[in-house]
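S.K.: the amino acid sequence is not available; the structure is as follows:
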C-alpha cells in the first residue's frame, strides 16, 4: 500500500453540561444517516410522535396519540409540602426508592430500587457503561455499581444488586390499568435539584410483538433527566419505566416487561436475547490498519475521552476514505474549519483533511466516542488510522448476517451504525420488508450492479415497504442508525404473485447510446445552447463540499462527472483582460473543491469550433491514484464551461470508452466535439 499522510486532526474537547440518555442530546441527528442519496419510499404503516415500538394497540385497550418530544421546566414538589394530594402522597411513598444515575460526577438520569436490591433505569441512560454511580435522596452514594443487564428493545437496564436499606418499589400489573386512571411520573429533571412528580392520566399501551415489548403511555409530563424514572398508578405501584417524555406526556417500558426481565436476571439469564453488548475498551492501540471492501462496509473504533485532553487523529491512506465522529448520544455535532469557514459535516473526506483542520467538540466531551470509517464505492479501500489516544476496534454482532424469507431478526443499533443483511431473491419476486424500532432508522435495498433508480430506501421507526426484485442475485438489506442506542426487528416476507408492487423503472429521459444509457445536461446559458450527455448509471453522488458544481455525479466504483458553468466577468481584474485556459483552471471554484490535488497533465489537445473558439481536452493523473479527463471551453471571454471526468486508475481504464463518448457529445450550438476533424 502506498502511503500519503492525510494531516492530523486536532480534537479539542470542551465543556460538558447536560444529562439524561436520549434527552442528553438536544440536536437532531437524522441527517447523519449515511450513504448516497436514493429514492425514499413512504411507509404503508407509520406513526408520528416519539420513538415507539409498534403501531398496533392491544385489543380492548385505548390507543394513544404519540406526543412531541418537547421538554418543559418543572417546579419540584418539596418534601415538606403541607398540602396532602395524591401527587405528594405518591412522592413521599417512593422518595426513598429513587436514585440518580451518575457518571463522572454528572447526572445522566433517574432510577429506582426493585426487589432483590437491583437498580432499574432506562438503557439509554446507562449505556454504554458497564458500571455507574447511584445517589439516593438522602445523599447516600454507591459507586461503580455494575450494569448486569440491558434490554435495548424495551429500553431497560439493570444495575447491582446492591446492599441497601432503601425500600423497593412494587410493580403493578399493566393489564389492570384502564384509560383515564391517575398516573404519576417521578424523576430528577436536569434543570432542578430535587425529585419531581407530575400527574396525568393513563392512555394505553402498544405491543411490539416481534420484540416481546409492551410500552405504556400517559399524559403525565416528563422533562430531560427523568428518563429511567417511574410511572406509577394512584397506589404508588410502578406501571412503567420512563423512556421518553415531553410536556404532553410520557412513554414507558411497561411493568409487565420489567417483571419479566427482572425474573430472568434473578434466574441468572440474560435480560434479552441480544445480551449486554458492552463496548470494548481493552486492547486499545494507537494505530490500526483498516480495510473497506465496498460501499456498505464500515470500520468502527471507540475511545473514551476524559473531557480535558486534546487528542489527535491521523489517516495514512493512499485512497480517499470518509470518517464520522459520533458521541455516545448519537450526535455528530463537531466543527471543522476550512479556509475560515466553519462547516458541520456528518462525514468528512480524508482528502479534505489537512494539518490545519481542527475538530471542535462543543457538547458532551467526556465519555465514549465512535469513529466510523466508510467509503461510497464498491472498490477496496485500505489504510491506517493513528491516534494519540488508544482506539479499540468494535465488532458489530449484527453486521454481515443473512436473512431468509419469513425470518425476523432482532438487532441493536449504536451511533453511526450500519448493519448489512444479505438475502437471495429471484427476478420478479415481490417481498414485504418491515422495520420496527425505538428510534428512526433508514432501511435500504441494494444489489451489486443496481443502477441508482433500483436502489430504494425507507426512513422511519416502524413501517413497511414493498420491493420488486429486478434480477436473480444476492441483495443487501442495510439498516442505518442516526441515533443513540436502541433495538430493532427486521422481517422479510413474500407477497402473492397478484400483489401490485411498483417496479423500479428506467427514467423516461434516458438516452440510448453506443456507450450505454445517457442523460443530457444543458447549461444555463441560453444562446448558443451548450450541452453534453453523461452516463445515466452514475447518478447519486455526494454533493457536500463540492462548491461550484453545476452537476456532480458518482458511480458505484468511483466514476465521477463534475460540471461547471462560471461567470468570468466577476473574475476579471480589468474589462479588457483575456482569460487563458490556465487562468480559468486556477480560478475555477469547481477545481478548488474537487477531492484531489497535484494533478499531472499527461496529454492535451484542442478542438476548434466554427467560430474559432478553442475547446481544450486534457488528460491527467493525480498522486492520489486517480486518472481523469478535463474539458474546458471559454465563450466570448465571459463564460467558462468545464467538464471533469475521473475515477480510480484501475476503474478509469475500463470506463474510458464511456468518457470518450460523453466528451464527444459536448456541443456549442450545432457543433459537437465528435464532429470536429481538426486538432492542433
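M.R.: Cool, got the structure. Every value quoted in this text rests on a predicted model; they were computed, and no experiment measured them.
S.K.: skipping adjacent residues, who's closest to residue 589 in space?
M.R.: residue 548 (3.2 Å; Cβ to Cβ, 6 or more residues apart in numbering). Where you see a C-beta, it was placed from the backbone N, CA and C, and this is true even at glycine.
S.K.: what separation is there between that neighbour and residue 511?
M.R.: 26 Å (Cβ to Cβ, to the nearest Å).
S.K.: I'd say the residue nearest to residue 589 and residue 563 touch.
M.R.: No: using Cβ atoms under 8 Å, residue 548 is not in contact with residue 563; the gap is 9.9 Å.
S.K.: circling back to that earlier point, what about residue 548 and residue 511, which has more around it?
M.R.: Set residue 548 next to residue 511 and count neighbours by other Cβ atoms under 10 Å: residue 548 wins out with 18 against 12.
S.K.: surely that one is in a strand?
M.R.: No: under the criterion used here (DSSP: H, G, I helix; E, B strand; the rest coil), residue 548 is coil, not part of a strand.
S.K.: mind listing the helices in the stretch 151-300 of the chain by residue range?
M.R.: For the stretch 151-300 of the chain, the helices defined by DSSP state H, counting those that start in this stretch cover 255-266.
S.K.: bridging residues for residue 646?
M.R.: Assessed by DSSP bridges, residue 646 has beta-bridge partners residue 560, residue 628.
S.K.: contacting residues for it?
M.R.: Going by Cβ atoms under 8 Å, 6 or more residues apart in numbering, residue 646 touches 560, 594, 596, 622, 626-629, 652.
S.K.: show me the contacts for the residue nearest to residue 589.
M.R.: Contacts of residue 548 (Cβ under 8 Å, 6+ apart): 564, 566, 588-590, 592-593.
S.K.: shaky segments in this protein?
M.R.: Flagging of the chain using pLDDT under 70 yields the residue ranges 1-84, 192, 333-345, 351-365, 526, 539-545, 571-576, 677-680.
S.K.: can you give me the helices in it?
M.R.: 86-94, 123-126, 255-266, 581-587, 589-593, 649-664 (DSSP state H).
S.K.: what residues does the third one touch?
M.R.: Okay, so that is helix 255-266. Here helix 255-266 has contacts from 114-116, 118, 120, 148-149, 151, 154, 156, 158, 171-175, 212-214, 216, 237-241, 270-272, using Cβ under 8 Å, 6+ apart.
S.K.: repeat for the last one
M.R.: Outside helix 649-664, the residues within contact range by Cβ under 8 Å, 6+ apart are 379, 513-516, 518, 532-535, 557-559, 561, 617, 621, 625-629, 631, 643, 645-647, 672-674.
S.K.: buried stuff in it?
M.R.: Across helix 649-664, burial judged by 16 or more other Cβ atoms under 10 Å covers 651-652, 655, 658-659, 661-664.
S.K.: over to the fourth one?
M.R.: Going by neighbour count (16+ other Cβ under 10 Å), the buried part of helix 581-587 is 581, 583-585, 587.
S.K.: again, but for the shortest one
M.R.: Buried positions in helix 123-126, judged by neighbour count with 16+ other Cβ under 10 Å: 123-126.
S.K.: out of the residues you listed, which comes closest to residue 295?
M.R.: The closest of those to residue 295 turns out to be residue 124 (Cβ to Cβ; 29.5 Å).
S.K.: returning to what we had before: tabulate the helices of the chain in TSV, adding columns for distance to residue 315.
M.R.: Shown next, in TSV, are the helices of the chain (distance: least, Cβ to Cβ, whole Å):
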stretch	distance to residue 315
helix 86-94	52
helix 123-126	31
helix 255-266	42
helix 581-587	28
helix 589-593	20
helix 649-664	20
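S.K.: ok, and the closest non-adjacent residue to residue 665?
M.R.: Residue 665's closest residue in space is residue 533 (Cβ to Cβ, 6+ apart), at 4.1 Å.
S.K.: residues touching the one you found, list them.
M.R.: So residue 533 contacts 511, 513, 518-521, 661-662, 665 (Cβ under 8 Å, 6+ apart).
S.K.: from the residues you listed, which land in strands?
M.R.: Members of those lying in strands (criterion: DSSP state E): 518-521.
S.K.: picking that back up, tell me which two of the contacts of residue 548 sit farthest apart.
M.R.: So for the contacts of residue 548, where distance means Cβ to Cβ, the most widely separated pair is 566 and 593, at 12.5 Å.
S.K.: buried sites along stretch 149-156?
M.R.: 149-156.
S.K.: just the strands in the stretch 451-600 of the chain please.
M.R.: For the stretch 451-600 of the chain, the strands defined by DSSP state E, counting those that start in this stretch cover 456-468, 473-481, 486-494, 518-522, 530-535, 551-554, 560-567, 600-608.
S.K.: tell me the angle of the first one relative to strand 486-494?
M.R.: In this case it means strand 456-468. If you take axes from the mean of the first three to the mean of the last three Cα atoms, to 10 degrees, strand 456-468 sits at 30 degrees to strand 486-494.
S.K.: tell me the strands beside strand 456-468, with direction?
M.R.: strand 40-41 (parallel), strand 430-446 (antiparallel).
S.K.: circling back to that earlier point, ok, so of the buried residues of helix 581-587, who is nearest residue 385?
M.R.: Once Cβ to Cβ is applied, the member of the buried residues of helix 581-587 that ends up nearest residue 385 is residue 585, at 33.4 Å.
S.K.: tell me, how many residues neighbour residue 392?
M.R.: 18.
S.K.: wait, it sits on residue 282?
M.R.: Yes: contact status for residue 392 versus residue 282: in contact at 7.0 Å, counting by Cβ under 8 Å.
S.K.: which residues does residue 216 contact?
M.R.: By Cβ under 8 Å, 6+ apart, the neighbours of residue 216 are 174, 177, 202, 204-205, 231, 239-240, 251-255.
S.K.: neighbour count and distance to residue 85 for the residues you listed - can I get that in a markdown table?
M.R.: Formatted as a markdown table, these follow (neighbours: other Cβ atoms under 10 Å; distance: Cβ to Cβ, whole Å):
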| residue | neighbour count | distance to residue 85 |
| --- | --- | --- |
| 174 | 24 | 24 |
| 177 | 24 | 20 |
| 202 | 26 | 18 |
| 204 | 18 | 25 |
| 205 | 23 | 27 |
| 231 | 31 | 18 |
| 239 | 26 | 19 |
| 240 | 32 | 21 |
| 251 | 30 | 24 |
| 252 | 34 | 22 |
| 253 | 28 | 27 |
| 254 | 28 | 26 |
| 255 | 28 | 23 |
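S.K.: ok, residue 398 touching residue 412?
M.R.: Yes: the pair residue 398 / residue 412 is scored as a contact, 6.5 Å apart, by Cβ under 8 Å.
S.K.: if we can go back for a sec, identify, from the contacts of residue 533, the entry nearest to residue 465.
M.R.: residue 519 (26.3 Å).
S.K.: residue 214 contacts residue 251, correct?
M.R.: No: judged on Cβ under 8 Å, residue 214 makes no contact with residue 251 at a distance of 11.4 Å.
S.K.: any idea what residue 98 is bridged to?
M.R.: Here residue 98, judged by DSSP bridges, has bridge partners residue 112.
S.K.: distance of residue 471 relative to residue 428?
M.R.: Applying Cβ to Cβ to residue 471 and residue 428 gives a distance of 9 Å.
S.K.: which neighbours do these two share?
M.R.: Counting by Cβ under 8 Å, 6+ apart, residue 471 and residue 428 have no contacts in common.
S.K.: now for the residue nearest to residue 103 when sequence neighbours are not counted: which residues touch it?
M.R.: Distance criterion Cβ to Cβ, 6+ apart; nearest residue to residue 103, sequence neighbours excluded, is residue 132 at 5.3 Å. Taking Cβ under 8 Å, 6+ apart, we find residue 132 in contact with 101-103, 108, 126, 144-145, 147, 159.
S.K.: so in terms of bridging, what pairs with residue 552?
M.R.: The partner residues for residue 552, given DSSP bridges, come to residue 562.
S.K.: make sure it is actually in contact with residue 546.
M.R.: Yes: shown here, residue 552 and residue 546 form a contact pair, counting by Cβ under 8 Å, at 4.7 Å.
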